[in-house]
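Asks: Fold the stuff below for me.
(one chain, ligands or ions: 1)
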Amino acid sequence: MFRTIRFRLTLWYVLVSGSLLILFSLYLYSLIAADLRAQFDRSLLRAAEATAAFFEETAEQTREVSASAQETVRELRLPGAAMAIFQEDVLLASSSPSLSRDVLTASRSEMAARGHEPRIADIKGGRARLARRRLQIEGNNYSVILVEELSGLSAQLQSLRRAFYFGFPSALALAALGGFFLVKKSLAPVVAISEQAEHISVKNLSERLTVRDNDELGRLAGVLNALLSRLDASFKIMGDFMADASHELRTPLGVIRSSAEVTLSRDRTVHEYKEALKAIEQQSIRATSLVNDMLALAMADSGERPLRFEELYLDDLVEECCRAHHPLARRKSIHLSSEIARDIQMNGDPALLKSLVSNLVDNAIAYTPEGGSVSVRFFAEASNVRLIVSDTGVGIPSECIERVFDRFYRIEASRSRNNGGSGLGLAMVKLIAESHKGSVELVSERGYGSTFTVLLPLKA
Ligand code: ADP
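Replies: Below you'll find the model as predicted:
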């Protein structure tokens, strides 16, 4: 649960929104506190102005300063504020007897601290504010002083703080809840994709994930679907290959087994034993060559046998291959001719190229009846080399031309089996040509022979 992305994202969401909420609350609180304080000071100063004006007017009318001060204090008594009127340092009137001394000490110490007399200042250790208005009447200096406790303002600020304290957890809880549902909703497609993917195995690789929208997750599902398609295709090829391979191997192994069983069922002459062993040997050669071909193809497919490219003279290689096939051609009374341009150097894997040439010449001899002919031509053109192997053999029906390069594909099972073919030779030829960035083409007509043309770049 704590390791889930859902939990971690929600936690981050809560942390970020909580921090923002705290910063915003602090900012708002300090703004409101400063504003309330400024309002408080303004109204205290206004009250001091009004008091001074009243005192001045009364004093001018009555010409009795002390009595006017007393009357001002009596008449303008403000709720929550204390008032005092001084002539220089002499107290003329005060709304609270204890005020005069406090006010004098406070205002003097303020004066000393700031170097001048402030109009408004803190007193009582910041628990109250003092506003002073100076005035002159008939050449004498007077001060009207108002003092108001800050308790009302503090109470207001306290209730504001309380509102923040209670509001913060609720807002945070709401943010967490909202964040949780938001994250859950955003991750729902991922959960759906992983649940669907969990049910896909080798048995149902053809199933695909549902692509809902064309957003990032939709694209992810698309990419996974493409991956599944590739896997599906590879598994199909592998399955077909396995089925074909076991089918192919069953024949020689069956022949070997039945030959051995029949021969061993009773006593035989030496000649009969020899015949049986010959049949077994033939079939084991066939099985071995089949297994070798399969192994070569599997290794090429998986990239287990890396290509070993080197500079080589391909004309030498073709020539050598033709020479090696002469005895076989002679045995079948086939005329094997070659026309090979000299000194053609190219870049390639000698073992694979040898197998390519050998497979084509082998087939040409195998599928050409006695008395026929096979020709091998090899020459270079611009940046390519061209190898043409043609024969006057049985040919390939046009409908099979496309498929002869498929693995295990044989035109007529019987004619190939008699020749010992596995149906893998041309697949190998194609794979080798392509691994050298080349191509192979076939032109053939049933009964008139076939021509295989391999085109390879000089620099693969
Ligand atoms: P195989 O080992 O059976 O020869 P290949 O892959 O080499 O397998 O060839 C596939 C099929 O193509 C063969 O079964 C054969 O029928 C046909 N084929 C290949 N080469 C020739 C050719 N030169 N002439 C006629 N048919 C051919």
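
Asks: Could you pull up phi and psi at residue 306?
Replies: phi -70, psi 150 (degrees, to the nearest 10).

Asks: again with residue 396
Replies: The phi/psi pair for residue 396 (degrees, to the nearest 10) is phi -130, psi 130.

Asks: Was I right to think it contacts residue 411?
Replies: Yes: Residue 396 lies in contact with residue 411 (C-beta atoms under 8 Å); the separation is 6.4 Å. (Each C-beta comes from the backbone N, C-alpha and C, glycine too.)

Asks: Spit out the residues that contact those two alike.
Replies: Common contacts of residue 396 and residue 411 (C-beta atoms under 8 Å, 6 or more residues apart in numbering): residue 404.

Asks: Nearest spatial neighbour of the closest residue to the ligand within the stretch 101-250 of the chain, chain-adjacent residues omitted?
Replies: Nearest to the ligand in the stretch 101-250 of the chain, going by C-beta to the nearest ligand atom, is residue 248, at a distance of 10.0 Å. Nearest non-adjacent residue to residue 248, counting by C-beta to C-beta, 6 or more residues apart in numbering: residue 290, 5.7 Å away.

Asks: Now the one you found: which helix or strand?
Replies: According to DSSP states H and E, residue 290 maps onto helix 270-302.

Asks: Quick one: check that helix for contact with the ligand.
Replies: No: Helix 270-302 is not in contact with the ligand by C-beta under 6 Å from any ligand atom; minimum separation 8.0 Å.

Asks: Show me which positions of the helix or strand following that helix end up buried.
Replies: Remark: after helix 270-302, the chain's next helix or strand is strand 310-313, criterion DSSP H and E. Across strand 310-313, burial judged by 16 or more other C-beta atoms under 10 Å covers residue 312.

Asks: For this structure, what lies in contact range of the ligand?
Replies: So far as C-beta under 6 Å from any ligand atom goes, the chain lies against the ligand at 363-364, 367, 391, 393-396, 404, 409-411, 416, 421-427, 450.

Asks: Which parts of the protein are helices?
Replies: Along the chain, counting by DSSP state H, helices occupy 5-62, 65-75, 99-114, 151-198, 216-264, 270-302, 314-331, 350-366, 398-401, 413-419, 425-435.

Asks: of all these, which lies closest to residue 377?
Replies: Between residue 377 and these, the tightest spacing by C-beta to C-beta is seen for helix 314-331, at 9.3 Å.

Asks: which other helices and strands contact the closest one?
Replies: strand 335-340, strand 345-348, helix 350-366, strand 373-381 (3 or more C-beta pairs under 8 Å, 6 or more residues apart in numbering; DSSP states H and E).

Asks: Let me have these in TSV, extended by distance to residue 90 and mean neighbour count.
Replies: TSV is the format used below for the helices and strands packed on helix 314-331 (distance: least, C-beta to C-beta, whole Å; neighbours: other C-beta atoms under 10 Å):
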stretch	distance to residue 90	mean neighbour count
strand 335-340	135	15
strand 345-348	117	20
helix 350-366	121	22
strand 373-381	126	18
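
Asks: Out of those, the one nearest residue 225 is which?
Replies: Using C-beta to C-beta, the nearest of the helices and strands packed on helix 314-331 to residue 225 is helix 350-366, at 35.4 Å.

Asks: and the closest one, what does it pack onto?
Replies: strand 310-313, helix 314-331, strand 373-381, strand 384-391, helix 425-435, strand 449-457.

Asks: What mean pLDDT does that helix get?
Replies: Averaging pLDDT along helix 350-366 gives 94.

Asks: what residues does it touch?
Replies: Here helix 350-366 has contacts from 296, 307-308, 310, 312, 314, 317-318, 320-322, 324-325, 328-329, 332, 334, 336, 374, 376, 387, 389-391, 393, 419, 421, 425-426, 428-429, 432-433, 435-436, 450, 452, 454, using C-beta under 8 Å, 6+ apart.

Asks: which among those residues end up buried?
Replies: 296, 312, 314, 317-318, 321-322, 325, 329, 334, 336, 374, 376, 387, 389-391, 393, 421, 425-426, 428-429, 432-433, 435-436, 450, 452, 454.

Asks: For whichever residue of the stretch 151-300 of the chain sits closest to the ligand, report the pLDDT, please.
Replies: Per C-beta to the nearest ligand atom, residue 293 is where the stretch 151-300 of the chain lies closest to the ligand, at 8.0 Å. Here, the pLDDT recorded for residue 293 equals 82.

Asks: Just to check, it is in contact with residue 425?
Replies: Yes: Residue 293 is within contact range of residue 425, at 7.3 Å (criterion: C-beta under 8 Å).

Asks: coming back round to it: skipping adjacent residues, who's closest to the residue of the stretch 151-300 of the chain closest to the ligand in space?
Replies: residue 424 is the one closest to residue 293 (C-beta to C-beta, 6+ apart), at 4.1 Å.

Asks: how deep is that neighbour tucked in, by neighbour count?
Replies: 26 (other C-beta atoms under 10 Å).

Asks: Would you check how far apart it and residue 367 are?
Replies: Distance of residue 424 to residue 367, computed by C-beta to C-beta, to the nearest Å: 15 Å.

Asks: Residue 40 too?
Replies: Taking C-beta to C-beta, one finds residue 40 at 112 Å from residue 367.

Asks: more crowded one of those two?
Replies: Neighbour count, other C-beta under 10 Å: between residue 40 and residue 367, residue 367 has more, with 22 against 17.

Asks: what comes into contact with stretch 422-438?
Replies: Against stretch 422-438 from outside (C-beta under 8 Å, 6+ apart): 244, 248, 286, 289-290, 293-294, 296-297, 300, 307, 348-349, 352-353, 355-356, 359-360, 362-363, 384, 404-410, 416, 439-440, 452, 454-457, 460.
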